[in-house]
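Enquirer: show me the folded form of this:
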Amino acid sequence: MNFKLVLSSLTFILALFLIFKKEDVAEIQIYKGNIMGTSYNITLQSDVSGEDAHFKAYNILQKVNQEMSTYIDDSLISKVNKADIGKWVKVSQDFLDVLSFATALCKDTRGIYDVSIGKLVNLWGFGPDSVDKQPSTEELSYFSSQVGCNSIETDPTNLSIKKAKDVELDFSSIAKGFALDKVYEFLIKQSYLNSFFIEIGGEIRSTALKSNDQPWKAGIINPIQQEKIIYTFLSSDFNTFALATSGDYRNIRIFDEEELSHTLDTSSGIPTNLAKKSVSVVAENTMKADALATALNAMTLEQAINYADQKQIKALFITESDGQSKIIFSEKLKQVKM
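Expert: All right, here's what the predicted structure looks like:
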């Protein structure tokens, strides 16, 4: 029995609309590249060259990637994952900040969101290594029993962490968002930039407006008809425009003709099949939006809507009904649109 990894070539769920008009005041400069296993786009509006800003922004992305990518053998996260249980490992403040936020969200969602699922991710072939067989019941039972919000212990004073159980970390649900925030923090301090829009693999952070006081636009792809846009966010609708989307259909495995989502049930280690196609979240920073979108996508639709409303999360759910896509707004997002 063979697995087949299906990775769509479309940019993850989000289509980027960059609509520039003649009345735009500053020159449009677009820089593109690849990082963190996906593509990035940095759009700057400035009367002077943005080459230096792009160079420094790329270095920021590289630094985060070197710390948090499981696809790099000597990355910081790989060193943590290879360490023996109970052995303290020195980490950076950035690494500790990401882990601390992820752990807090893990506890708040009662373990539905959990970055200690690295070994389960790898068992299904959603990590760096390919697999040619389905995980055994015994493997899933053991490694899902090790996963938990307290599986990693931290020593903030000494910037150190250690594994309390047989787990590996996977920051794929939060690292891109964190990287965007770091680039945003750098760019916003550059006085010669009138405005900017940055995107990594569909996660987005931007200034509130373009230089002509028009909003930036980000379109959500229809999961069923992926050549079409089902909804468009406007940056001007939010105090901070930090957007992330998580979807069941972008990274899947096919086993015995059954599509398996990359979103895993942390209690069983089995890919979820919860009838949601995608969840988009706007938050005060992209790290939070990234993690929340993943957490909501791992819940049942009812759980996700209730959690979003309880926590006042600006969330957009796309579900499938009778072969058609259906949009559901959280109560907080409804307030924005009123």
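
Enquirer: how many other residues sit next to Met287?
Expert: 26 (other C-beta atoms under 10 Å). C-betas here are computed from N, CA, C, even on glycine.

Enquirer: what helices or strands is the helix or strand in which it is found leaning on?
Expert: Assigned by DSSP states H and E, Met287 falls within helix 286-298. On a contact count with 3 or more C-beta pairs under 8 Å, 6 or more residues apart in numbering; DSSP states H and E, helix 286-298 meets helix 93-108, helix 175-187, strand 203-206, strand 241-247, strand 276-283, helix 301-310, strand 314-321.

Enquirer: tell me the gap between it and the middle of its chain.
Expert: 7 Å (C-alpha atoms, centre = their mean, to the nearest Å).

Enquirer: quick check: angle from that helix to helix 301-310?
Expert: With axes from the mean of the first three to the mean of the last three C-alpha atoms, to 10 degrees applied, the angle from helix 286-298 to helix 301-310 works out at 150 degrees.

Enquirer: residues contacting Lys87?
Expert: 162-163 (C-beta atoms under 8 Å, 6 or more residues apart in numbering).

Enquirer: so where's the stretch 1-150 of the chain shaky on pLDDT?
Expert: 1-26 (pLDDT under 70).

Enquirer: which residues belonging to stretch 148-163 are considered buried?
Expert: Under the neighbour-count criterion of 16 or more other C-beta atoms under 10 Å, stretch 148-163 has 148-149, 151-152, 154, 161-163 buried.

Enquirer: and stretch 69-79, by the same measure?
Expert: With burial defined by 16+ other C-beta under 10 Å, the residues of stretch 69-79 counted as buried are 69-70, 75-78.

Enquirer: still on that earlier bit, got the CA coordinates for the helix holding Met287 in PDB?
Expert: Extracted in PDB, the C-alpha atoms of helix 286-298 (Å, rounded to 0.1, in the frame of the first residue of the first chain):
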ATOM      1  CA  THR A 286       0.400  37.100  12.600                       C
ATOM      2  CA  MET A 287       1.900  34.600  15.000                       C
ATOM      3  CA  LYS A 288      -1.400  34.700  16.900                       C
ATOM      4  CA  ALA A 289      -3.500  34.500  13.800                       C
ATOM      5  CA  ASP A 290      -1.400  31.600  12.400                       C
ATOM      6  CA  ALA A 291      -1.700  29.500  15.600                       C
ATOM      7  CA  LEU A 292      -5.400  30.300  16.100                       C
ATOM      8  CA  ALA A 293      -6.300  29.400  12.500                       C
ATOM      9  CA  THR A 294      -4.700  26.000  13.000                       C
ATOM     10  CA  ALA A 295      -6.400  25.500  16.400                       C
ATOM     11  CA  LEU A 296      -9.800  26.400  15.000                       C
ATOM     12  CA  ASN A 297      -9.200  24.100  12.000                       C
ATOM     13  CA  ALA A 298      -8.500  21.200  14.300                       C
END
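
Enquirer: and that helix with helix 175-187, angle?
Expert: 160 degrees.

Enquirer: tell me the mean pLDDT for helix 286-298?
Expert: Averaged over helix 286-298, pLDDT sits at 96.

Enquirer: make residue 1 into 30 and carry on from there
Expert: Sounds good: first residue 30 from here, last item helix 315-327.

Enquirer: distance of the closest residue in space to Ala204 that isn't next to it in sequence relative to Cys135?
Expert: Among residues not flanking Ala204 along the chain, Met97 sits closest, at 4.2 Å (C-beta to C-beta, 6 or more residues apart in numbering). Met97 sits 17 Å away from Cys135 when distances are taken as C-beta to C-beta, to the nearest Å.
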